[in-house]
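Participant: just coords:
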């Protein structure tokens, strides 16, 4: 382990990534519901600004974040959202995109960024700096190995949380 | 004679005073009214309403240019913020999420009255299970973050239902949080004025407010990168700039025309009194014309005033005839007695004046208000000018009044006539060539579009297209219009029609449609939805059963039970409830109340990349069995309106020509003489048309009117050549001199219009100006040298 390994070095190595396609499975623990809601699908990332989250189960839904626009496709419905109008959604997706892109500046615009662990097993903790966002999102914790993300955990202000596990090297 | 003369002067003074009073109270306009039909059909009424009152007519498209995105976004926000504080605008949108919370609150509060998904089925046990299951699925998506908080109150997802209905609209791109053009070089805003599109003054104030807001925003912004620029377009911008163009043109061209004619007369007469007296008939005629239009139409259009300059050129002819002809040595008479002039020349002038009046009078029957005004203005102006020349002017002429000898002008024309035999060949060749040109250009001769009359520059129209495309503001072409005597009936009918159209949307025939009932359903529908909601105990029981298999306990959904019960007992939503939301405007644009009649507009959106096929829509309307539902194709209606005008103008021109022929026949009583008078005029028209075709300028309705005017004005000259035969030599030279002078003033009067930026005026000027010269030349060339013929031209 290099002694001078820090968040900028991690970001640099993440920024080298050429993008790609990973599988995810996600569990949302919602107080309102008796059991967690499970979903799974694929994430497709094209550096630097495009991230697609394609949910395959339980329902097919596609969500594309392209710069400022969020395109949602769900069944027959297809709509475009302006990210600024939905800061809660924007925050979550941007945290993933920012990490994937290794864009420390973008992350630091919205979060206080803390890094723990080693290059082999690191955890990045993001705490919202904006009070409006903090009202929804309490903390986002992204862990990974080397330049690969393994898990994204989001804790909401009301105690609900979601855990997304990322599986690499899926067939296209 | 003397006493009658004084009586005529008295009458004239009274008339002039009366006209001045009427004009003082007249209102002047320069809006679209000149182009809108006087007696519209039901379809045309829709078009007219859209153009004058409709929401579309009140939209102003705004573009902001500055060197960088950040500056554009700041200027857009600051300009919008300022505009939102003034009452002149009912909506200012620049892409900021301004007011969307109020919109969402309204939708949420009234969701059980507004959502078309609220049916008895949906609130059955099975329906609830399906709807709640769907909402729980949605929680897994990112949107779940927002929806989660709403779930206990809205487990069936009615808000999402309504948002989905809304979301289909295309929106402009965003840059730094505000709307931007697709090339990213402009920030875009959309403002809707409170003033209607036909209220040009109101539109002008609104535009000034926007410019001021932008200037203030620019000045206040120290960090702004310079230079920045404001671009405006839209129907209001167009009507204001048209009025500006017309006003500038009318002022400038009238001044030039008057200056030219006054200068010419001053050079010729070399006498200020002669000049002043010569202009009396013109001024009287112009005043009477404007007063008559004001009385007849209630409002005077700017274009009519623009036409005033032509009347100057035409009406001044009468005094020229009087001065030049009566003061030649052969006709020198005692002061105040112009009996010989009256006996010799007046009948010819009167006949020429009557032919002109008849020609212009046919325009009175036009359904095109612009033309009808021109007709009334000209008929009144010419008749009054001729009358003043005949009955008032001789009394006012001082003793020994005479103008400078202008016989040299007469000699010049006489020279042309001596070469007539040779020139006739030239004339014949020219005519054949002109006919050939017209023949080869016959398919492209006419411009079939109403926009040919629009005073907008091509640059203005291009800017409008660009801004419109960037803003995604669609050009609405097809509208379904439902009308009835009361709001409730019209809303119910719109719902019936909407149900049918919905099927076409599902089938992919249509991309979608707007309807006022989206945010303002009929009372009947709202009551039906209330009745579909089960009473509290029943709903609680169904909910218990429905959530059995779902991961949610019914106790969590108690707020839902409370909201449903509240909705069951709620007062129906009315229009006033929409105030303060963007739905108020959207609904007002689509629900129109005018003259005791309510109309709902349902603009149709074509599926991407294809045009709308009207046939299935007609079938759908027939199935909806709403007899007051009408499919309107605004483009077809616009084209039909114009082609109607064009067809009518052709018919009226031919009728006018026929009446002129009849009048000449009655007066001259010889087919040959009528032919000799008319032939040079027709030839002049033919050559002018050919010249236009060669120059590549397409003819519109006003060129047609111009042709009628060539005949009407030119007949004055042709008649003198016909009459000239019975005079002696001096007489002949004086007549010719007066004709040269008279036609020159006509050419100046009409000719300056050829330089107008207003196509309506330009068309008339470029037709009549050259036409008048040709009419004189051709008349001279074709005039038979028949010295010794004695038959008079008495009427």
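Facilitator: Thanks, I have the structure now. In this text the structure is predicted, and so the values were computed from the model without any measurement.
Participant: Tell me if residue B:208 really is in a helix.
Facilitator: Yes: with DSSP: H, G, I helix; E, B strand; the rest coil as the criterion, residue B:208 is located in a helix.
Participant: Neighbours of it, how many?
Facilitator: Neighbours of residue B:208 under the rule other C-beta atoms under 10 Å in any protein chain shown: 12. Placement of C-beta: from N, CA and C, glycine included.
Participant: same check, this time on the one 10 residues further on
Facilitator: A total of 21 residues lie near residue B:218 under the criterion other C-beta under 10 Å.
Participant: measure the spatially closest residue to it that is not a sequence neighbour to chain A for me?
Facilitator: Closest residue in space to residue B:218, ignoring its immediate chain neighbours: residue B:228 at 5.5 Å, by C-beta to C-beta, 6 or more residues apart in numbering or on different chains. According to C-beta to the nearest C-beta, to the nearest Å, residue B:228 and chain A sit 22 Å apart.
Participant: For residue B:228, give me the backbone phi and psi.
Facilitator: Dihedral pair for residue B:228: phi -120, psi 160, per degrees, to the nearest 10.
Participant: for residue B:367, same thing?
Facilitator: Per-residue torsions, residue B:367: phi -80, psi 0 (degrees, to the nearest 10).
Participant: For it, give me its contacts.
Facilitator: B:37-39, B:644-645, B:648 (C-beta atoms under 8 Å, 6 or more residues apart in numbering or on different chains).
Participant: Which residue ranges of the stretch 151-300 of chain B form strands?
Facilitator: B:173-175, B:178-180, B:186-193, B:229-233, B:300-301 (DSSP state E, counting those that start in this stretch).
Participant: ditto for chain B
Facilitator: B:28-29, B:59-65, B:89-93, B:173-175, B:178-180, B:186-193, B:229-233, B:300-301, B:478-484, B:510-513, B:591-594, B:597-606, B:629-633 (DSSP state E).
Participant: Residue B:597 against residue B:485, yeah?
Facilitator: Yes: look at residue B:597 against residue B:485 with C-beta atoms under 8 Å: they come within range, at 6.6 Å.
Participant: who's more crowded, these two?
Facilitator: residue B:597 (14 against 10).
Participant: what's the closest non-adjacent residue to the more buried one?
Facilitator: residue B:483 (5.7 Å).
Participant: Just list the residues touching that neighbour, thanks.
Facilitator: Residue B:483 makes contact with B:490, B:597-600, B:628, B:630 under the criterion C-beta under 8 Å, 6+ apart.
Participant: most surrounded residue in those residues?
Facilitator: Of all the contacts of residue B:483, the most densely surrounded is residue B:600 (29 neighbours; neighbours counted as other C-beta under 10 Å).
Participant: Which strands and helices lie in contact with the helix or strand harbouring residue A:106?
Facilitator: Mapping residue A:106 onto the secondary structure by DSSP states H and E places it in helix A:104-110. Of the remaining helices and strands, those touching helix A:104-110 by 3 or more C-beta pairs under 8 Å, 6 or more residues apart in numbering or on different chains; DSSP states H and E are helix A:7-15, helix A:87-101, strand A:121-128.
Participant: Any chance you could list what contacts the second one?
Facilitator: Helix A:87-101 has contacts (C-beta under 8 Å, 6+ apart) with A:14-15, A:17, A:19, A:43, A:45, A:47-49, A:51, A:53, A:63, A:65, A:70, A:81, A:83-84, A:103-104, A:106-107, A:110-111, A:124, A:126, A:128, A:130, A:132-133, A:136-137, A:140, A:142, A:149, A:152, A:154, B:142-143, B:145-146.
Participant: Recalculate using a threshold of 6 Å.
Facilitator: Contact partners of helix A:87-101, identified using C-beta atoms under 6 Å, 6 or more residues apart in numbering or on different chains, comprise A:45, A:47-48, A:51, A:65, A:83, A:106-107, A:126, A:133, A:136-137, A:140, A:142, B:142, B:145.
Participant: can you name the two of those that are farthest apart?
Facilitator: Maximum pairwise distance in the contacts of helix A:87-101, criterion C-beta to C-beta, is 27.2 Å, between A:47 and A:136.
Participant: list the contacts for residue 38?
Facilitator: Assuming you mean chain A. Under the criterion of C-beta under 6 Å, 6+ apart, the contact partners of residue A:38 comprise residue A:27.
Participant: Hmm, no, I was thinking of chain B.
Facilitator: Residue B:38 is in contact with B:367, B:369, counting by C-beta under 6 Å, 6+ apart.
Participant: ok, 8 Å please
Facilitator: Applying C-beta under 8 Å, 6+ apart to residue B:38 gives the contacts B:367, B:369, B:372.
Participant: any idea of the pLDDT on residue B:608?
Facilitator: Each residue has a pLDDT score; the one for residue B:608 is 64.
Participant: swap that for residue B:795, sorry
Facilitator: 31.
Participant: ditto for residue B:497
Facilitator: pLDDT for residue B:497: 91.
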